[in-house]
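Student: Let me see the structure of the following:
(one chain, ligands or ions: 1)
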Amino acid sequence: MTKEKLELVEVSPRDGLQNEPDIVSTENKLALIDHILAAGFRRLEAGSFVNPKKVPQMADGDAIFAGVPKRDDATFIALALNLRGVERALAAGAKEINYVFCASDGFSVRNNGGTVEETFNVWPEVAAAARAGAARLSATISTAFGCPFDGEVAVTRVVAVAERCVGESIFELAIADTIGVASPGDVHERVRAVKSVTPSHIQLRAHFHNTRNTALANAVAAVEEGVRVLDGSLAGIGGCPFAPGAAGNVPTEDLLYMFNRMGFDTGVDLDRAIEVAHFIGGVLGRKTPGMVSRAPKWPA
Ligand code: ZN
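Tutor: Numbers count the residues shown, from 1 in each chain. Predicted coordinates for the structure are as follows:
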């Protein structure tokens with residue numbers, strides 16, 4: 001029987017590193033990207049084009065995109081929060097743009113520089129710019145499960161944002177638990193609700209943080225709802241400069257171990273993914289949250 005495919009998008013070079021206080025060199029980031037590709041990942045968040053004063057760790061986006069391997073079988077995602085960021089990403093050679101909206105105004109004002117309503121004003125222009133630049137465009141709904149400033153976020157808000165996201169030509173819509181507050185029940189409910197307003201040609205992607213140790217359970221819930229693209233960050237690093245208390249992304253190697261044993265084909269080699277997690281720990285010089293990378297090999 002052929003195994004069902006599950007795509008793991010590796011976000012350690014962007015979401016994983018962006019909150020690290022000590023600047024990781026461009027050289028080390030490019031080495032990380034090489035290791036990620038060698039482990040079998042074919043899609044990864046390579047960097048973001050946001051205000052370098054606000055997120056200094058991501059100030060080298062141009063150099064990263066200039067330095068990534070030129071290969072047709074790998075996709076390097078550039079994250080942007082405004083039209084200027086999209087233009088910079090395209091100028092740097094990005095072929096896939098992930099544009100981020102928020103489900104809550106409190107986070108949107110701090111992270112995206114305007115209310116949810118205001119950030120949609122430039123959406124048609126963003127989509128036009130991506131088209132003109134021959135880049136694929138995806139959208140992410142951040143704080144889709146809760147906001148560090150506004151608290152609980154109603155499902156109706158998430159659905160309303162999803163409807164506007166899919167109003168432009170995107171190939172993928174991601175829902176993100178930016179601060180790691182979701183439970184599997186929330187995931188079932190929200191994925192189902194978002195799916196109900198998303199045309200079937202647009203694939204769904206889910207992004208979880210493990211702040212409250214629910215991320216693996218949430219990932220399973222998303223897959224049970226038909227999601228076949230999941231974000232993870234090797235070693236479980238990550239956080240958000242604008243989301244107080246947001247801990248690491250779900251560790252990719254933990255996702256990989258679990259979904260391997262559930263019979264999914266991700267195309268990623270677990271042993272090599274664990275080596276990359278160790279590489280990250282070495283670069284950061286500290287113990288990282290992922291668990292599988294610290295457990296004995298299984299099966300031995
Ligand atoms: Zn995140």
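
Student: can you give me the helices for the stretch 101-250 of the chain?
Tutor: Applying DSSP state H, counting those that start in this stretch to the stretch 101-250 of the chain gives helices spanning 105-112, 116-119, 123-132, 155-165, 184-195, 215-224.

Student: now the shortest one: mean pLDDT?
Tutor: The one in question is helix 116-119. For helix 116-119, mean pLDDT is 98.

Student: repeat for the last one
Tutor: The average pLDDT for helix 215-224 rounds to 98.

Student: quick one: buried residues of that helix?
Tutor: 215-216, 218-223 (16 or more other Cβ atoms under 10 Å). (C-beta placed from N, C-alpha, C; glycine too.)

Student: Next: the fourth one.
Tutor: Of all the residues in helix 155-165, those buried under the rule 16+ other Cβ under 10 Å are 155, 157-159, 161-162, 164-165.

Student: Phi and psi next, for the spatially closest residue to residue 133 that is not a sequence neighbour.
Tutor: In this structure, residue 133 finds its nearest non-sequential neighbour in residue 90, 3.7 Å apart by Cβ to Cβ, 6 or more residues apart in numbering. Here is the backbone geometry of residue 90 (degrees, to the nearest 10): phi -70, psi -40.

Student: Do I have it right that residue 90 meets residue 131?
Tutor: No - in this structure, residue 90 is not within contact of residue 131 by Cβ atoms under 8 Å, at 10.5 Å.

Student: so which of the helices of the stretch 101-250 of the chain gets nearest residue 66?
Tutor: Smallest distance to residue 66 across the helices of the stretch 101-250 of the chain (Cβ to Cβ): 19.5 Å, for helix 123-132.

Student: Make CSV out of the buried residues of helix 155-165 and add distance to residue 297 and pLDDT.
Tutor: CSV is the format used below for the buried residues of helix 155-165 (distance: Cβ to Cβ, whole Å; pLDDT from 0 to 100):
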residue, distance to residue 297, pLDDT
155, 41, 98
157, 44, 98
158, 40, 98
159, 43, 98
161, 42, 98
162, 41, 98
164, 46, 98
165, 41, 98
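
Student: got the buried residues for stretch 118-133?
Tutor: Residues 119-120, 122-123, 126-127, 129-130, 133 are the ones in stretch 118-133 that count as buried (16+ other Cβ under 10 Å).

Student: Identify, from the residues you listed, the entry nearest to residue 261.
Tutor: Using Cβ to Cβ, residue 130 comes nearest to residue 261 of the buried residues of stretch 118-133, at 37.6 Å.

Student: got the contact list for the closest one?
Tutor: Going by Cβ atoms under 8 Å, 6 or more residues apart in numbering, residue 130 touches 86, 90, 97, 136-137.

Student: Repeat that for residue 156.
Tutor: Residues near residue 156 by Cβ under 8 Å, 6+ apart: none.

Student: What are the boundaries of the strands in this protein?
Tutor: For the chain, the strands defined by DSSP state E cover 4-5, 7-10, 43-49, 75-80, 96-102, 136-142, 172-177, 203-208, 229-232, 264-265.

Student: which other helices and strands contact the fifth one?
Tutor: Using 3 or more Cβ pairs under 8 Å, 6 or more residues apart in numbering; DSSP states H and E as the contact criterion, the secondary-structure elements in contact with strand 96-102 are strand 75-80, helix 83-91, helix 105-112, helix 116-119, helix 123-132, strand 136-142, helix 155-165.

Student: Let's see that with 7 Å instead.
Tutor: For strand 96-102, the elements it packs on are strand 75-80, helix 83-91, helix 105-112, helix 116-119, strand 136-142, judged by 3 or more Cβ pairs under 7 Å, 6 or more residues apart in numbering; DSSP states H and E.

Student: Could you do the fourth one as well?
Tutor: Taking 3+ Cβ pairs under 7 Å, 6+ apart as contact, the helices and strands that strand 75-80 lies on are strand 43-49, helix 61-67, helix 83-91, strand 96-102.

Student: 6 Å - rerun?
Tutor: strand 43-49, helix 83-91, strand 96-102 (3 or more Cβ pairs under 6 Å, 6 or more residues apart in numbering; DSSP states H and E).

Student: Show me what that strand is in contact with.
Tutor: By Cβ atoms under 6 Å, 6 or more residues apart in numbering, the surrounding residues in contact with strand 75-80 are 14, 43, 45-46, 48-49, 68, 86, 89, 94, 96-99.
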